[in-house]
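**Student:** just a sequence and a predicted model for now, questions to come.
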Amino acid sequence: MIAEEPREDARPLPFFVYGTLRPGEVNHDLFLRGRTLAEEPGHLTGAVLYDGPGYPYAVEESGETVRGELVTARPEAYGELLAALDRLEEYVPGDPRNLYERAARDVVRAAGGTVRAWVYLAAPGIAARLRGTGTRITGGDWISRR
């Protein structure tokens, strides 16, 4: 399993979003408005992006990059936001039916440096199917695909 569960004593991680949660996209205002301290451009190395049914999937693969936003939640909203994003992504820890797995990965900030962040990656079965028959998004930027 690729997911890493948060520990009770762990510092809250920011989120790396690359699809419908990005600014200007359908889920940004629904889930993030008023819950964030900062949103900044960033990219996830070692992953590719595939087109899904109205949303993308990131799949780990060396040599490629996914573009998106690094979102830092307000401390008082972190637990609620984490739960809301897990529901949105239909992620349940350990459930083999997950479409996504939440994993902690290093994300590169556009301003420089890296930060550990939660990323929703395609679950193993979905990732295998996408590698075989999926439509890869050139350049790793879901917004620029239009």
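**Tutor:** Arrived safely, thanks for sending. From a predicted model like this one, the values you see are computed outputs, not experimental measurements.

**Student:** how about the lengthiest strand in the chain: buried residues?
**Tutor:** Longest strand of the chain, by residue count under DSSP state E: strand 56-73. Neighbour-count burial for strand 56-73 flags 56-60, 64, 66-73 (criterion: 16 or more other CB atoms under 10 Å). All C-beta atoms are positioned from the backbone trio N, CA, C, and that covers glycine.

**Student:** contacting residues for Leu32?
**Tutor:** 21, 39, 71, 81 (CB atoms under 8 Å, 6 or more residues apart in numbering).

**Student:** would you mind giving those as CSV with secondary structure, distance to Ile126 and pLDDT added?
**Tutor:** Formatted as CSV, the contacts of Leu32 follow (DSSP: H, G, I helix; E, B strand; the rest coil; distance: CB to CB, whole Å; pLDDT from 0 to 100):
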residue, secondary structure, distance to Ile126, pLDDT
Leu21, coil, 18, 97
Glu39, strand, 27, 96
Val71, strand, 23, 96
Leu81, helix, 24, 95
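
**Student:** out of those residues, which comes closest to Arg145?
**Tutor:** Leu21 (15.8 Å; CB to CB).

**Student:** once you drop chain neighbours, what's closest to the closest one?
**Tutor:** Spatial nearest neighbour of Leu21, excluding adjacent residues (CB to CB, 6 or more residues apart in numbering): Asn27 at 5.0 Å.

**Student:** which outside residues touch the helix or strand hosting the one you found?
**Tutor:** Taking DSSP states H and E as the definition, one finds Asn27 inside helix 26-31. Contacts of helix 26-31 with the rest of the structure, by CB under 8 Å, 6+ apart, involve 20-22, 81, 84-85, 88.

**Student:** most neighbours, which of these?
**Tutor:** Leu21 (25 neighbours; other CB atoms under 10 Å).

**Student:** circling back to that earlier point, how about the longest strand of the chain as PDB, C-alpha atoms only?
**Tutor:** Coordinates of the C-alpha atoms in strand 56-73 are reproduced here as PDB (Å, rounded to 0.1, in the frame of the first residue of the first chain):
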ATOM      1  CA  PRO A  56      -7.300  13.600 -13.100                       C
ATOM      2  CA  TYR A  57      -5.200  10.900 -11.500                       C
ATOM      3  CA  ALA A  58      -1.600  11.200 -10.500                       C
ATOM      4  CA  VAL A  59       0.400   8.000 -11.000                       C
ATOM      5  CA  GLU A  60       3.900   7.600  -9.600                       C
ATOM      6  CA  GLU A  61       6.500   7.200 -12.400                       C
ATOM      7  CA  SER A  62      10.100   8.400 -12.400                       C
ATOM      8  CA  GLY A  63      11.300  11.200 -14.700                       C
ATOM      9  CA  GLU A  64       8.000  13.000 -14.900                       C
ATOM     10  CA  THR A  65       6.300  16.000 -13.100                       C
ATOM     11  CA  VAL A  66       2.800  16.900 -12.100                       C
ATOM     12  CA  ARG A  67       2.000  20.600 -11.700                       C
ATOM     13  CA  GLY A  68      -0.500  21.900  -9.100                       C
ATOM     14  CA  GLU A  69      -0.900  24.000  -5.900                       C
ATOM     15  CA  LEU A  70       0.500  23.500  -2.400                       C
ATOM     16  CA  VAL A  71      -2.300  24.300   0.000                       C
ATOM     17  CA  THR A  72      -1.700  25.000   3.700                       C
ATOM     18  CA  ALA A  73      -4.800  24.600   5.900                       C
END
